[in-house]
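Colleague: I need the structure of the sequence given here:
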Amino acid sequence: MGGNGRTIFMAKTSSSSQKYVYQFGNKKADGHGGMKPLLGGKGANLAEMTRIGLPVPPGFTITTEVCTYYYAHHKTYPKQLWAQVKAGVANMEKILGKTFGDVQKPLLVAVRSGARDSMPGMMDTILNLGLNDQTVVALEKASNNPRFAWDCYRRFIQMYGDVVMGVQKRANEDHEPFEIVIESLKKERFGGDAHVEDTRIDAAGLQDLVKRFKALIKERTGKEFPTDPWKQLEGAIGAVFGSWMNDRAMVYRRKYNIPTEWGTAVSVQSMVFGNTGDSSGSGVAFTRDPASGEKVFYGEFLINAQGEDVVAGVRTPKPVAQLAKIMPEAAKELEKVRQTLESHFRDVQDFEFTIEEGKVFMLQTRNGKRTGLAAVRFAVEMEKEKLITWQEAVQRVPAEQLDQVLAPVFDRAAVKSAKTIAKGLPAGPGAATGRIYFNADRAVEAAHKGEKVLLVRVETSPEDLRGMIAAEGILTARGGVSSHAALVARQMGKVCVCGASELHVDYAARTMEVGGQTFKESDFLSIDGTAGEVYAGELKTAPSEIIQVLVGKTLEAKESRTYQNFAQRRFPRTSGQRHGFWRGGHRPLPH
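Modeller: Reported below is the predicted structural model:
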């Protein structure tokens, strides 16, 4: 760190032979899973999945060394970089038989960040790059699907406008500007209903949306939306490197002690499309349940959607278990992928997939963020399955995650007398009571005054991170257990209920309506992130069931499923003795 508190990036001396771009595709990869410091977690795992034969769309990763260079040299790049990027694009073109910027068979790409340690949602992603007024027509003809083509184009303009051109909500705004435009169009076309699903907007409506998005960008920035795909790519790469130093990324790094000098890599990958119709979709899945630790295939998917829809929480997805009824072949393929990932990486994986016209593609995998409860169960059961040693199992449960096992719960008598006003998805276990706030900044202000707060949003975005840290719990009206809110809440050990669709939040009025009741900002609510239930008012809490069993003696062990699941776990010792993994502390217990 420099004397003024700013991190000084130290650039390596580059030579003319320095390799900055690592290609992957067609079952070959320049990199591998052990190269996370150089390729970031996403880039290293894309290379590794390619090497082990999983269906990964081709692409390339720009190394973290370029990020270091970028900040050390006034946001410029090594002179060799662009030639290597062009070679990476050419490799994708050769594999796929498409050409970047071509008006007949255009290659479209996704540009994503990827730090050494996973930072979900903290940096930026851009999909469908390469579209313009000419290539969208080519995509329409090639797919014979006008709605799909224009949906891709409006998504690209929205992401690029936000990430690269800075069209984001202002300090006095609670709602994203592009979402305001979408809701305005819906009201015009659907009799005043702003909440119909985006999939109901037809091709003509999406073309209208494209025009409105371009007008919004021009109004906010004074600039036209760029049409040259190579200029688009240059802007996107710069924006992703730039996002390493955005506010939410810096806040996240401070919270989780991630060094600033590590930098991020950038992965550029050919697009596959989950939004071509009812035979396509996108999802996020975990090889085991990251909330409870149960060994079940866990996750969510959306039909006719791109992956950002699932993570952003703009629609509430379906459980991945239901995929077998809708796309049985794709479900079988994903089950094989699940088994391959866990046996290869020897840890619970959180992965993103796209199904394009029934065919499964893998977009990323990483070690899954998990609750303290799940961490204990994962460690114990994977040791029993011989996936890991008992020593590795012990190391996989950080001390701070064990605090979550001791988190308070709602008093049983209080719950019996309380009225459930809404139900959502149980995304972060535990109990939380607090005053509700609909804006992250106001939630932070209230928390600094000593209030216990709940952050209530239609759906969270990465910009809400400060409010999420300050809040006792998080409640959203939309989104599922794989949404941004759920992922971050699980990692932080926050109580979270997602997708409580009965809630109607009015940001302008600072009110929430549910079941005929209106709640104003600073009113009390209580949420149960284990059951997914929302209660009016302030509910009394009780110590964790483990404390009730072991310390207070107010609960019988047989009455507590939590205690039964986690208090009696054992790890074998090399001598044949066994350790009690958790029983009121870390002390070994005799068998």
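Colleague: my read: Met327 touches Glu356, true?
Modeller: No - Met327 sits out of contact with Glu356 when judged by Cβ atoms under 8 Å, with a separation of 11.4 Å. For every residue, glycine as well, the C-beta is placed using N, CA and C.
Colleague: which residue ranges make up each domain of this protein?
Modeller: The record, using automatic domain parsing to delimit domains, assigns the chain the ranges 1-131+229-271, 133-227, 281-367, 372-406+544-580, 409-542.
Colleague: JSON lines for those domains, including mean neighbour count and mean pLDDT?
Modeller: As requested, the domains of the chain are arranged in JSON lines below (neighbours: other Cβ atoms under 10 Å; pLDDT from 0 to 100):
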{"stretch": "domain 1-131+229-271", "mean neighbour count": "19", "mean pLDDT": "90"}
{"stretch": "domain 133-227", "mean neighbour count": "17", "mean pLDDT": "93"}
{"stretch": "domain 281-367", "mean neighbour count": "21", "mean pLDDT": "92"}
{"stretch": "domain 372-406+544-580", "mean neighbour count": "17", "mean pLDDT": "70"}
{"stretch": "domain 409-542", "mean neighbour count": "21", "mean pLDDT": "91"}
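Colleague: leaving out the residues flanking it, which one is nearest to Gly293?
Modeller: If you skip the residues right next to it in sequence, Gly293 has Arg377 as its closest partner in space, 2.7 Å away by Cβ to Cβ, 6 or more residues apart in numbering.
Colleague: A strand includes Arg435, no?
Modeller: Yes - going by DSSP: H, G, I helix; E, B strand; the rest coil, the assignment for Arg435 places it inside a strand.
Colleague: circling back to that earlier point, tell me which helix or strand the residue nearest to Gly293 sits in.
Modeller: With elements delineated by DSSP states H and E, Arg377 resides in helix 372-384, which encompasses its position.
Colleague: equivalent analysis for Val284, please.
Modeller: Secondary structure here is read from DSSP H and E; on that basis Val284 sits in strand 281-286.
Colleague: what sits up against the very next helix or strand once past that strand?
Modeller: Helices and strands here follow DSSP H and E; after strand 281-286, the next one along the chain is strand 298-303. Strand 298-303 is touched from outside by 274, 278, 280-290, 309-310, 315, 317-320, 323, 326, 355, 480-482, with contacts defined as Cβ atoms under 8 Å, 6 or more residues apart in numbering.
Colleague: please repeat the previous calculation with a cut-off of 6 Å.
Modeller: If you take Cβ atoms under 6 Å, 6 or more residues apart in numbering as the criterion, strand 298-303 is touched by 278, 281, 283-286, 289, 309-310, 315, 317, 320, 323, 480, 482.
Colleague: same check, this time on stretch 103-110
Modeller: Here stretch 103-110 makes contact (Cβ under 6 Å, 6+ apart) with 93, 98-100, 127-130, 134-135, 138, 268-271.
Colleague: span of that stretch from start to end?
Modeller: With Cα to Cα, to the nearest Å as the measure, stretch 103-110 spans 18 Å from end to end.
Colleague: what does stretch 497-511 give?
Modeller: Across stretch 497-511, the straight-line distance between its terminal residues is 18 Å, by Cα to Cα.
Colleague: again with stretch 440-454
Modeller: In terms of Cα to Cα, the two terminal residues of stretch 440-454 are separated by 10 Å.
Colleague: next one: it to chain centre, how far?
Modeller: Between the mean C-alpha location of stretch 440-454 and the chain-wide mean there is a distance of 24 Å, by Cα atoms, centre = their mean, to the nearest Å.
Colleague: please apply the same query to stretch 353-368.
Modeller: 14 Å.
Colleague: check stretch 100-118 too.
Modeller: Averaging C-alpha coordinates over stretch 100-118 and over its chain gives two centres that are 18 Å apart (Cα atoms, centre = their mean).
Colleague: what does stretch 61-69 give?
Modeller: The gap between the average C-alpha position of stretch 61-69 and the chain average comes to 23 Å, counting by Cα atoms, centre = their mean.
Colleague: cool, stretch 77-94 as well?
Modeller: 28 Å.
Colleague: then stretch 350-370?
Modeller: From the chain centre to the centre of stretch 350-370 is a distance of 12 Å (Cα atoms, centre = their mean).
Colleague: run through who's touching it.
Modeller: Contacts made with stretch 350-370 from outside it, assessed by Cβ under 6 Å, 6+ apart, are listed as 41-42, 45, 49, 54-57, 118, 272-274, 279-286, 290, 307, 330, 333, 341, 347-349, 487, 490-491.
Colleague: which ones among these lie within strands?
Modeller: When DSSP state E defines the strands, the subset of the contacts of stretch 350-370 inside them is Gly281, Ser282, Gly283, Val284, Ala285, Phe286, Gln349.
Colleague: ok, so of those, who is nearest Val409?
Modeller: Set against Val409, the nearest of the ones in strands among the contacts of stretch 350-370 by Cβ to Cβ is Phe286 (23.9 Å).
Colleague: separation between that closest one and Gln401?
Modeller: 16 Å (Cβ to Cβ, to the nearest Å).
Colleague: that older thread, from the contacts of stretch 103-110, which is closest to Gly205?
Modeller: For these, the residue nearest Gly205 by Cβ to Cβ is Asn128; the value is 17.8 Å.
Colleague: is it true that Arg116 touches Trp262?
Modeller: Yes - applying Cβ atoms under 6 Å as the test, Arg116 and Trp262 come out as touching, 5.1 Å apart.
Colleague: element containing the closest residue in space to Thr221 that isn't next to it in sequence, please.
Modeller: On the basis of Cβ to Cβ, 6+ apart, the spatially nearest residue to Thr221 that is not a chain neighbour turns out to be Met165, at 5.3 Å. For Met165, there is no host helix or strand (DSSP H and E).
Colleague: now do the phi/psi pair for Met165.
Modeller: Its backbone dihedrals place Met165 at phi -100, psi 0, with angles given as degrees, to the nearest 10.
Colleague: please renumber so the chain begins at 529
Modeller: Got it, first residue is 529 now, which makes that one Met693.
Colleague: quick check: it touching Arg748?
Modeller: No - Met693 is not in contact with Arg748 according to Cβ under 6 Å; the separation is 7.8 Å.
Colleague: what sits up against stretch 832-848?
Modeller: Under the criterion Cβ under 6 Å, 6+ apart, residues 655, 727, 802-803, 805-806, 809-813, 827-830, 880, 987, 1006-1008, 1010-1012, 1027 lie in contact with stretch 832-848.
Colleague: and Arg640, helix, strand or coil?
Modeller: Here Arg640 is strand, with the state taken from three-state DSSP.
Colleague: just checking, it touches Val794?
Modeller: No - taking Cβ under 6 Å as the definition, Arg640 is not a contact partner of Val794, at 7.2 Å.
Colleague: out of the contacts of strand 826-831, which two sit at the greatest distance?
Modeller: When the contacts of strand 826-831 are compared pair by pair using Cβ to Cβ, the maximum separation belongs to Asp806 and Asp817, at 27.9 Å.
Colleague: having no further points to raise, I will conclude here.
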